[in-house]
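> here's my sequence, what's the structure:
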Amino acid sequence: MSSPPLRALEREFRRQLLPGVGGLTTYADRYDAQLQRLREATPVQAKAEFARLGGVVKSWRQYLKQGITLAVLGSIRPGREHVRKWQLDRFGQSQTSAHLRQFADEARAGGGRGDEIRLSPALNDECAALFRRYKDALKRPPAPAGPSSAISPRPG
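Below is the predicted model of the structure:
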């Protein structure tokens, strides 16, 4: 049983794994386009194109961490260091300090620290499982064209 904010977030993650519609670009579009550039690259260009492909995957993982963290914390502002520790414990990695700035409470002076993040163990486990389920989803090959690919081109 999943919490409502995480259910909505998972729907958005799945949407990002589908081809974009109406001119909207999704992470799947970005990955597939970069993969095509890699396939067409000369041996000299291949290293740079492969690095760009890794950049799309890194951006996707940042997107996942950001979305999950925002969904469970809501308006709580525990401070960067508490969020960094929470992300490391759940995802094995955390966002950069610049990305974590939004979780700082501007009312506190520089040395002030927020309260620790206290979420239920079940919710913490659900967050970790959601990240694990989607962190490598872009790297899965698209399903062959047909009616089933419209539902889930990158099965989870």
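> in this structure, where is pLDDT below threshold?
1-2, 105-113, 141-156 (pLDDT under 70).
> may I ask which helix or strand encompasses the residue positioned nearest the centre of the chain?
In the chain, the residue lying closest to the centroid (C-alpha atoms, centre = their mean) is Leu64, at 1.6 Å. Using DSSP states H and E, Leu64 falls within helix 43-73.
> helices and strands around that helix, which ones?
Helices and strands touching helix 43-73, by 3 or more C-beta pairs under 8 Å, 6 or more residues apart in numbering; DSSP states H and E, are helix 4-16, helix 27-40, helix 80-91, helix 121-134. Yep, even glycine has a C-beta here, placed from its N, CA and C like the rest.
> before we move on, back to that, who's in contact with the residue nearest to the centre of the chain?
13, 91, 130-131, 134-135 (C-beta atoms under 8 Å, 6 or more residues apart in numbering).
> contacting residues for Gly74?
Pro5.
> for it, give its distance to Phe103.
11 Å (C-beta to C-beta, to the nearest Å).
> what do these two both touch?
With C-beta under 8 Å, 6+ apart, Gly74 and Phe103 have no common neighbours.
> count of neighbours near the nearest residue to Leu35 once chain neighbours are set aside?
Ranked by C-beta to C-beta, 6 or more residues apart in numbering and with sequence neighbours excluded, the top spatial neighbour of Leu35 is Leu53, at 6.3 Å. Other residues lying near Leu53 total 19 when counted by other C-beta atoms under 10 Å.
> thought Leu53 was touching Gln36?
No. Counting by C-beta atoms under 8 Å, Leu53 stays clear of Gln36, with 10.2 Å between them.
> so which elements touch the helix or strand containing Ala98?
Following DSSP H and E, one finds Ala98 within helix 97-100. Under the contact criterion of 3+ C-beta pairs under 8 Å, 6+ apart, helix 97-100 touches helix 80-91.
> switch the contacts of Leu64 over to JSON lines; also include neighbour count and distance to Ala41.
Shown next, in JSON lines, are the contacts of Leu64 (neighbours: other C-beta atoms under 10 Å; distance: C-beta to C-beta, whole Å):
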{"residue": "Phe13", "neighbour count": "22", "distance to Ala41": "29"}
{"residue": "Phe91", "neighbour count": "20", "distance to Ala41": "31"}
{"residue": "Leu130", "neighbour count": "23", "distance to Ala41": "34"}
{"residue": "Phe131", "neighbour count": "21", "distance to Ala41": "31"}
{"residue": "Tyr134", "neighbour count": "23", "distance to Ala41": "27"}
{"residue": "Lys135", "neighbour count": "17", "distance to Ala41": "26"}
